[in-house]
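1. After the sequence you'll find the predicted model.
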Amino acid sequence: MNRSLKFKSLVLMASISLAALTACSNSNNGGDNAAGNGNTAAAGNDGTKATNGNAAASGGNAANNGANNAEDDDVTTMSKVSGMTIRIAANWDGTPTPDTPMGAKRLELQKAVEAKYNVKIQYLNIPNEEFQNKMKASILNGSPAAEIWYMGSSDVVPGLAKEGLFLPIDDLISLSDEKQIPVDDFRKYTGYNGKIYGFNTEASVDQIGIFYNRALFEKNGLPDPHTWVESKEWTWDKFREVAKQLTKDTNGDGKPDQWGLTGYAGDWVWFQALANGGHLFDLETGKQTLDDPKTQEAMDFMAKLFTEDKVVADSTWGFLDSFPKGNIGMTPSFSWTGGTWKANMKQDGYGFLPMPLGPGQTDYVNPSRQTNSNFIAKGTKYPEAVMQIWKELQVWDTEAHADEYYNAQYDHDDDIEVAKMLSKNVNFDFFNTINGGLIDQIGNELATGATTAAQAAQKYGPMLQDKADILLKQ
């Protein structure tokens, strides 16, 4: 599991479908998600496929018998799960609770499903540090600890998918007839070798952008930065200018005690690169792309903020604690961190902006490395029936999920509008499948001036390629 999915467990209590995610997943709110949400349009009220015995009158009894036989087959399949416990695993507690409208609805659906099929639904909360080992060991032993596993897509695709640890949903549902799961989106984010492995009520990703301290901006005479976003003036140059203006020695001791920026250097590398239209890894070709001109440009810009401008207070995960203290203007981060800052930034308030536009960029882009998805383990008994039961557990009102999630992360309508915009313009990269901490090392070296973007590509490019070759040749 990666860091973002781990931290996402702090906010997943609002909506699993959005997180974003993940974990770490990854951002985003237990009682209303665990593995998606609703009803099933593809099934009749009794859980069988809707058929019309009169559809082919000229076929007489033969046509009707065919329809009835198909219906009987579905009934037989679903009856096989009677007495089973369907387990849904995550690294947080996804058990629905009645304290939100979505949670109450999911509890209602769960009771109906359990009664309808004589099954028990159990949500497993597996600690992050145990999750991967327990998942892999149990599936490899032929006795998966859970039928459905909720995790970041990069934890499965392509590695575990290639190893055959999870079942492609192509084999469990008719993709051409599917009206609820957005299969095209999941093909993009969880597809490998022509198959789709992940599923959820929607293929959501974290919104990644710049959080800013509203009170500090006002105190320093800065206008509402959303006006820059609207006019497309929110560029690297403007970002750099604002960071310099906010970095000050306010007590006269010769050292800055107010800063323009903070943020984890390892994440900043890919945030900046993908937002600039660059990439780190091309899954289709199997090639690392640290030397992508857009990626190089972004890493150079990031390094200048740290080493030339000296406007960054901290390059570690300490920013989660330091940003809310009120003396830092901005930080690039995942949407889910907004939920963690809500309570302790009431006085100053925070806002949310997209990553600034790089040279030549005309549209704000949401950088993403995974979506949080559900996956069905190899060795699951009656996986088609398990899939059908999962679908009937879901609340398929994705707008309601989105609203609940956005309201959990953001306090202002203009911030929510930015988040919605970013959700529609995503630059996705599979680099996390070959990362292994190398991107973190690049970020740390860029932040300290130990390397340049070009040197990082020369040094770490071959290491990433080795990981890619091993991954894809397993």
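-> Received, thanks.
2. Okay, strands next: where are they in the stretch 101-250 of the chain?
-> Along the stretch 101-250 of the chain, the segments classed as strands by DSSP state E, counting those that start in this stretch run 120-125, 148-152, 191-192, 195-196, 208-213.
3. what's the weakest-modelled helix or strand in this structure?
-> Lowest mean confidence among the helices and strands of the chain (mean pLDDT, DSSP states H and E): helix 3-8, at a mean of 41.
4. can you put the strands of the stretch 101-250 of the chain in JSON lines and add distance to Thr85, mean neighbour count and mean pLDDT?
-> Using the backbone N, CA and C atoms, a C-beta is placed for each residue, glycine as well. Output for those, formatted as JSON lines (distance: least, C-beta to C-beta, whole Å; neighbours: other C-beta atoms under 10 Å; pLDDT from 0 to 100):
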{"stretch": "strand 120-125", "distance to Thr85": "4", "mean neighbour count": "18", "mean pLDDT": "98"}
{"stretch": "strand 148-152", "distance to Thr85": "12", "mean neighbour count": "28", "mean pLDDT": "96"}
{"stretch": "strand 191-192", "distance to Thr85": "30", "mean neighbour count": "21", "mean pLDDT": "94"}
{"stretch": "strand 195-196", "distance to Thr85": "26", "mean neighbour count": "20", "mean pLDDT": "98"}
{"stretch": "strand 208-213", "distance to Thr85": "37", "mean neighbour count": "26", "mean pLDDT": "98"}
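5. I figured Phe281 hits Asp292, correct?
-> No. Look at Phe281 against Asp292 with C-beta atoms under 8 Å: they stay out of range, at 10.0 Å.
6. Neighbour count for the two, which is higher?
-> Phe281 (26 against 19; other C-beta atoms under 10 Å).
7. so who does that one touch?
-> By C-beta atoms under 8 Å, 6 or more residues apart in numbering, the contact set of Phe281 is 287-289, 429-431, 433-434, 464, 468.
8. Kindly recompute the last result at 6 Å.
-> 288, 430-431, 434 (C-beta atoms under 6 Å, 6 or more residues apart in numbering).
9. Apart from its chain neighbours, what residue comes closest to Gln272?
-> Distance criterion C-beta to C-beta, 6 or more residues apart in numbering; nearest residue to Gln272, sequence neighbours excluded, is Ala298 at 4.0 Å.
10. so that neighbour is in which element?
-> When elements are assigned from DSSP states H and E, Ala298 belongs to helix 293-307.
11. Just the buried positions in that helix, please.
-> Under the neighbour-count criterion of 16 or more other C-beta atoms under 10 Å, helix 293-307 has 294-299, 301-303, 305-306 buried.
12. Just the pLDDT at Pro403, thanks.
-> Quick fix: residue 403 is Asp, not Pro. pLDDT for Asp403: 84.
13. Distance-wise, check it relative to Pro101.
-> Counting by C-beta to C-beta, to the nearest Å, the gap from Asp403 to Pro101 is 11 Å.
14. for Lys346, same thing?
-> Separation of Lys346 from Pro101 (C-beta to C-beta): 25 Å.
15. next one: Tyr117
-> For Tyr117 relative to Pro101 (C-beta to C-beta), the value is 25 Å.
16. Let me know the secondary structure of the residue lying closest to Ala104 once chain neighbours are set aside.
-> Once flanking residues are discounted, Ala104 sits nearest to Pro98: 4.5 Å by C-beta to C-beta, 6+ apart. At Pro98 the chain is in coil, as set by DSSP: H, G, I helix; E, B strand; the rest coil.
17. just to revisit the earlier point, surely the residue nearest to Gln272 meets Asn276?
-> Yes. The pair Ala298 / Asn276 is scored as a contact, 4.3 Å apart, by C-beta atoms under 6 Å.
18. Show me what Asn213 bridges to in the sheet.
-> Beta-bridge partners of Asn213, counted by DSSP bridges, are Tyr350.
19. Report the separation between it and Leu353.
-> Going from Asn213 to Leu353 by C-beta to C-beta gives 12 Å.
20. what's the answer for Lys255, then?
-> Lys255 is 28 Å from Leu353, where distance means C-beta to C-beta.
21. neighbour count winner among the two?
-> Leu353 (22 against 7).
22. Mind checking what helix or strand follows the helix or strand that contains the more buried one in sequence?
-> Leu353 is part of strand 350-354 when elements are defined by DSSP H and E. Counting by DSSP H and E, the element after strand 350-354 in chain order, helix or strand, is strand 366-368.
23. Show the subsequent helix or strand relative to that next one.
-> In N-to-C order, the element after strand 366-368 by DSSP H and E is strand 372-376.
24. buried stuff in stretch 110-119?
-> The neighbour-count check on stretch 110-119 (16+ other C-beta under 10 Å) flags 110, 113, 117, 119 as buried.
25. How about stretch 131-149?
-> Buried residues in stretch 131-149 (16+ other C-beta under 10 Å): 131, 134-135, 138-139, 144-149.
26. These: which two are farthest apart?
-> Distance extremes for the buried residues of stretch 131-149: the farthest pair is Phe131 and Glu147 at 15.6 Å, using C-beta to C-beta.
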